[in-house]
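*Asks:* Give me coordinates for this.
(chains A, B, C and D)
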2 protein chains.
Amino acid sequence: MTVPLSTPVGHRGYADVRIRAVRDRPRQPGEEAPHIALSASERAELGRLAQIIDFRTAGSLIFPQGGDANFVYLLRAGLVRICHSLRNGERQVVAFHWPGDLFGLTEETKYVNSAETVTPARVYRFQAAKLESFLLKNPKIQDRFLIKAIHDLRHAQRQIIVMGRFDIPRRLGIFLIDCSAHETYFDQSTRVLTVPMNRYDIADYLGTSAETVTRAFTRLERAGLLRRVTARAIELKPEKLKTFVNFE
Amino acid sequence: MTVPLSTPVGHRGYADVRIRAVRDRPRQPGEEAPHIALSASERAELGRLAQIIDFRTAGSLIFPQGGDANFVYLLRAGLVRICHSLRNGERQVVAFHWPGDLFGLTEETKYVNSAETVTPARVYRFQAAKLESFLLKNPKIQDRFLIKAIHDLRHAQRQIIVMGRFDIPRRLGIFLIDCSAHETYFDQSTRVLTVPMNRYDIADYLGTSAETVTRAFTRLERAGLLRRVTARAIELKPEKLKTFVNFE
DNA sequence: CGCGGCCTTGAGCCCTATCAAGGCAAGTGG
DNA sequence: CCACTTGCCTTGATAGGGCTCAAGGCCGCG
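*Replies:* Numbers count the residues shown, from 1 in each chain, chains lettered A, B, ... in the order given. Modelled structure (predicted):
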């Protein structure tokens, strides 16, 4: 039996669990900023439940839409897109996930969306049933999961606002600003964003077409809000962009 | 000091807590279908934490966007819209809430959106800090809140798909089908939906304008998918509508 | 060096936003 | 009981943003 290139790679050893979310109330003095505080022992306990899986290639399928949902996933490294395919073949990218994000939304034991890697990625995988019973015994950790779910809900509602009331150049501007929050892809000193996904991914996330995304780039560039060093390396003018999109 | 008509009315007595959500796994034989199972004692415990408030008029403000977020709300009766206002004055209706729904999303102790009644409504109000510490001591109830949050997340992602990939007539069709799930407003025998919100609310929910909503109604009617008995009483052809929207 | 995937640009058309006006129904005051 | 107001709904005309189809350019890789 041969192993295709996209086959995930399992690992031994304990997972180092970190969850990305912002509390709904001000952070405590010692609390880690963009990630939720888990104590060392909590992380260790959770880590023992997790299975580590590496996806070595971009475009790997983590789980398919409609597939049996036995696992909940936590992204440790890399970038993941969550896609929903419609009957007519159109696709909506429901979310991009960055390190620290949980994913694997289900309905009636089936995954609602598919999850695919945008870059090579490492994920932690939890058996759903085991995780649920574990959380019931660990209210403090369960509380973190609740906070994370609410964080994601807030983000989804924000995306509804963006899709409902902003034209495409503005949606793109908001998207680029969001991307620039991730240091792996944004160089603070040069202000160059290395866009990890292609125009189709961006288009399907913003509810438009790849051509229109390109045209939006062109317009933002002409307006002096960014500069395309290459198609995937974008030098941003964050202040001007924020003024232009006029959101939050 | 006079009491404006829209003033909420407080009540004594215990709240009867019911949370509307679908589990992510098949329901147990005895489990109540569209609502989450809470035992009588759990409901009683939660009920003791709640304050009951009645809003007697449509259009009452429950809390404002940007206001200090001290409470989490649970809708017991009536209909509530969650609105987000943009700097340019445009408005996006982020969600409609039906009985059993929780609302009051916050960020940094401020409400992210405003909440307003669409009909007279009764809500239960929980002090956020008290509720959180209560949930930490009651993992089973906390689990229900987590399930509810995930339920709402799923719904928000679904709305992203709708706004990203469906034209306005189809969005309206999906919306009407969703409304018809609520027996208070949909007469199963006559198939007449009493739409509780006006064209502007619908428009701001679907990411369009009131005129376009009317035009979408006209088109659906011409196609024989519904019949406007009055502007607010719509006789649906559910099967035809579902075929037309071709979603889920 | 040639191929394939991705990005960009152009042309034409359609859907939807916007502006404008008229209709309808409920509520108010004379 | 009727004129009047007001909020909501509907329809028309027009303009424009974005989609679709098409073609050409770029770049990394085998």
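*Asks:* what about the longest helix anywhere in chain A and chain B, touching?
*Replies:* For chain A, the longest helix by residue count, based on DSSP state H, is helix A:139-165. Yes - Helix A:139-165 is in contact with chain B by C-beta under 8 Å from any C-beta of the partner chain, via A:139-140, A:142-143, A:145-146, A:149-150, A:152-154, A:156-157, A:159-161, A:163-165. Quick note: C-beta positions are derived from backbone N, CA and C, even for glycine.
*Asks:* Over to stretch A:193-211?
*Replies:* Yes - Stretch A:193-211 lies within reach of chain B by C-beta under 8 Å from any C-beta, at A:204, A:206-207.
*Asks:* which residues sit against that stretch?
*Replies:* A:79, A:81, A:83, A:91-93, A:96, A:118-119, A:163, A:168, A:171-172, A:175-176, A:179-180, A:185-187, A:212-214, A:231-236, B:160, B:163-165 (C-beta atoms under 8 Å, 6 or more residues apart in numbering or on different chains).
*Asks:* Check stretch A:123-134 too.
*Replies:* Stretch A:123-134 is contacted by residues A:15, A:17, A:45-47, A:49-53, A:55, A:62, A:69-76, A:78, A:80, A:104, A:106, A:141, B:143 when judged by C-beta under 8 Å, 6+ apart.
*Asks:* mind running it again at 7 Å?
*Replies:* Residues outside stretch A:123-134 that contact it (C-beta atoms under 7 Å, 6 or more residues apart in numbering or on different chains): A:15, A:17, A:49-53, A:62, A:69-76.
*Asks:* Report the buried members of those residues.
*Replies:* Among the contacts of stretch A:123-134, those buried by neighbour count (16 or more other C-beta atoms under 10 Å in any protein chain shown) are A:15, A:17, A:49-50, A:52-53, A:62, A:69, A:71-76.
*Asks:* which of the residues you listed lies closest to DNA strand C?
*Replies:* Using C-beta to the nearest atom of the strand, A:Ile62 comes nearest to DNA strand C of these, at 17.8 Å.
*Asks:* Just confirm the closest one is within a strand.
*Replies:* Yes - A:Ile62 sits within a strand when classified using DSSP: H, G, I helix; E, B strand; the rest coil.
*Asks:* quick one, what contacts it?
*Replies:* Per C-beta under 7 Å, 6+ apart, neighbours of A:Ile62: A:55, A:73, A:80, A:115-117, A:123.
*Asks:* what's the following helix or strand after the longest helix of chain A?
*Replies:* helix A:168-179 (DSSP states H and E).
*Asks:* pLDDT on that following helix, on average?
*Replies:* Averaged over helix A:168-179, pLDDT sits at 98.
*Asks:* can you check stretch A:206-219 too?
*Replies:* Taken as a whole, stretch A:206-219 has an average pLDDT of 98.
*Asks:* Return the set of buried residues in that stretch.
*Replies:* Here stretch A:206-219 shows A:206-208, A:212-214, A:216-217 as buried, counting by 16+ other C-beta under 10 Å.
*Asks:* So which of these reach DNA strand D?
*Replies:* A:207-208, A:212 (C-beta under 7 Å from any atom of the strand).
*Asks:* picking that back up, want to throw the residues of stretch A:193-211 next to chain B into JSON lines with distance to B:Leu193 and secondary structure?
*Replies:* Listed next are the residues of stretch A:193-211 next to chain B as JSON lines, based on distance: C-beta to C-beta, whole Å; DSSP: H, G, I helix; E, B strand; the rest coil:
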{"residue": "A:Asp204", "distance to B:Leu193": "32", "secondary structure": "helix"}
{"residue": "A:Leu206", "distance to B:Leu193": "32", "secondary structure": "helix"}
{"residue": "A:Gly207", "distance to B:Leu193": "27", "secondary structure": "coil"}
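*Asks:* Kindly reformat those as CSV containing distance to DNA strand C.
*Replies:* Shown next, in CSV, are the residues of stretch A:193-211 next to chain B (distance: C-beta to the nearest atom of the strand, whole Å):
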residue, distance to DNA strand C
A:Asp204, 11
A:Leu206, 13
A:Gly207, 12
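*Asks:* Which of the buried residues of stretch A:206-219 fall within helices?
*Replies:* Per DSSP H, the buried residues of stretch A:206-219 map to helices at A:206, A:212-214, A:216-217.
*Asks:* can you put the residues you listed in TSV and add distance to B:Ile36?
*Replies:* Shown next, in TSV, are these (distance: C-beta to C-beta, whole Å):
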residue	distance to B:Ile36
A:Leu206	34
A:Thr212	42
A:Val213	41
A:Thr214	46
A:Ala216	42
A:Phe217	45
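*Asks:* Next, the contact list for A:Thr212, please.
*Replies:* If you count contacts by C-beta under 7 Å, 6+ apart, A:Thr212 has them with A:168, A:203.
*Asks:* How much space separates it from A:Leu135?
*Replies:* Separation of A:Thr212 from A:Leu135 (C-beta to C-beta, to the nearest Å) stands at 42 Å.
*Asks:* again, but for A:Ile160
*Replies:* A:Ile160 is 28 Å from A:Leu135, where distance means C-beta to C-beta.
*Asks:* Same check on A:Gly78?
*Replies:* 25 Å.
*Asks:* what's near enough to touch A:Thr214?
*Replies:* Counting by C-beta under 7 Å, 6+ apart, A:Thr214 makes contact with A:Arg199.
*Asks:* Is the residue most central in space within chain A bridged to anything, and to what?
*Replies:* Closest to where the C-alpha atoms of chain A average out (C-alpha atoms, centre = their mean) is A:His97, at 1.1 Å. Beta-bridge partners for A:His97, by DSSP bridges, are A:Val80.
*Asks:* List the residues that contact it.
*Replies:* A:His97 neighbours (C-beta under 7 Å, 6+ apart): A:75, A:80, A:82, A:103.
*Asks:* Sitting in strands, which of the residues you listed do you find?
*Replies:* Among these, the ones falling in strands (DSSP state E) are A:75, A:80, A:82, A:103.
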